[in-house]
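K.L.:
Model the following, please.
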Amino acid sequence: MIAVIGAGAFGTALSISLARNGPVVLWARDAEHVEEMQATQENARRLPDVALPQAVTVSSDLTCLAEADIVLVSVPAQKLRAFLETHGPKLAGKPVVACCKGMERGTGLRPTQVISEHVADAVPAMLTGPSFAHDIARGLPTALTLACGSERIGEQLQARLTTPNIRLYRTTDVIGAELGGALKNVIAIACGAAIGAGLGESARAALMTRGFAELVKVAEAYGAKAETLAGLSGFGDLVLTCTSAQSRNFRFGQSIGAGETFDSGVTVEGAATAEALAEIAQDAGLDLPITRVVIGLVRDELNVREAMDMLLQRPLKEE
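P.N.:
Have a look, this model is predicted:
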């Protein structure tokens, strides 16, 4: 049996898709939320208008993990450590697949590193790539990257987690897959800000291109493979996140550019990741101009025009 931890939009969507292969338990921490989903057979709070299949059992009781042979953890990256500090022992010895994208603020750690710290004999893996929850839940075709350091376990997970509408591509480059998924959110905020401020599509294209260069620079500095960043978990995810208003990070940036208030209840991983990235980039001597201006925008220390002027006035150089 497969257990999905976290009844947000993405965790719910994965449960719906995986239920086509067999029974799935979807865990939510809020018992009242669980009762709502059980009564309506729908996650109206996070993924409205999509029915939960009969094969999905919704629960707030983590004893369900004892019967699960694969656990997908779909909680926000900044809340992953707190969950594992309390419940990590229940996951011991199981493949644990992180379904969150980000770097932990204060440590700069990636999700699989946090899992390894708190789950004994963990086999951590990462599920990432260009995807929106509503597309997955509606059965629309989606291709994702499954990254696992163990090739044998990776093959087993690929077979179990592939569904009629989710095609998984396997890699052992966990660092590249995680950093691609985390850093593209930072660039999406910049692109959203440019569009929100009316700076045009050419500005967005420039930010995406130079942002991808930043992404590759960071990932390679930490041992990732360039070909991983050119794949689904890097370039593919960057394109989707920077060009669609379905992206929370893009919408957050768009609200900054337009001078509008953004819903504080919506998780925006890119904001925390930018802060975490700035800390490790300084130690590694990496020059990340787009990341710096995103931090300035998020902290309200820069407006969009000032941010663009900073980027345009940088010294001229070869591409």
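K.L.:
all helices of the stretch 201-319 of the chain, in order?
P.N.:
Under the criterion DSSP state H, counting those that start in this stretch, the stretch 201-319 of the chain contains helices at 201-221, 226-229, 237-243, 248-258, 269-284, 289-298, 304-312.
K.L.:
Which one of those lies nearest to Ala125?
P.N.:
helix 226-229 (14.4 Å; C-beta to C-beta). (Glycine included, C-beta is placed from N, CA and C.)
K.L.:
Can you point out the buried residues in that closest one?
P.N.:
In terms of neighbour count (16 or more other C-beta atoms under 10 Å), helix 226-229 has its buried residues at Thr228, Leu229.
K.L.:
Check which helices and strands it is in contact with.
P.N.:
If you count contacts as 3 or more C-beta pairs under 8 Å, 6 or more residues apart in numbering; DSSP states H and E, helix 226-229 packs onto helix 174-196, helix 201-221.
K.L.:
Please point out which parts of the last one sit buried.
P.N.:
In terms of neighbour count (16+ other C-beta under 10 Å), helix 201-221 has its buried residues at 203-204, 206-208, 210-212, 214-220.
K.L.:
Closest one of the residues you listed to Pro141?
P.N.:
Out of the buried residues of helix 201-221, the member with the shortest distance to Pro141 (by C-beta to C-beta) is Met208, at 23.3 Å.
K.L.:
For the closest one, which residues are in contact?
P.N.:
With C-beta atoms under 8 Å, 6 or more residues apart in numbering as the criterion, the residues that contact Met208 are Ile187, Cys191, Leu238, Val239, Cys242.
K.L.:
what's the neighbour count on the nearest residue to the third one once chain neighbours are set aside?
P.N.:
Pointing back at Leu238 there. Of all residues beyond its chain neighbours, the one nearest Leu238 is Lys184 (4.1 Å), with distances taken as C-beta to C-beta, 6 or more residues apart in numbering. By the measure other C-beta atoms under 10 Å, the count of residues near Lys184 is 32.
K.L.:
What of Val73?
P.N.:
Val73: 26 surrounding residues under other C-beta under 10 Å.
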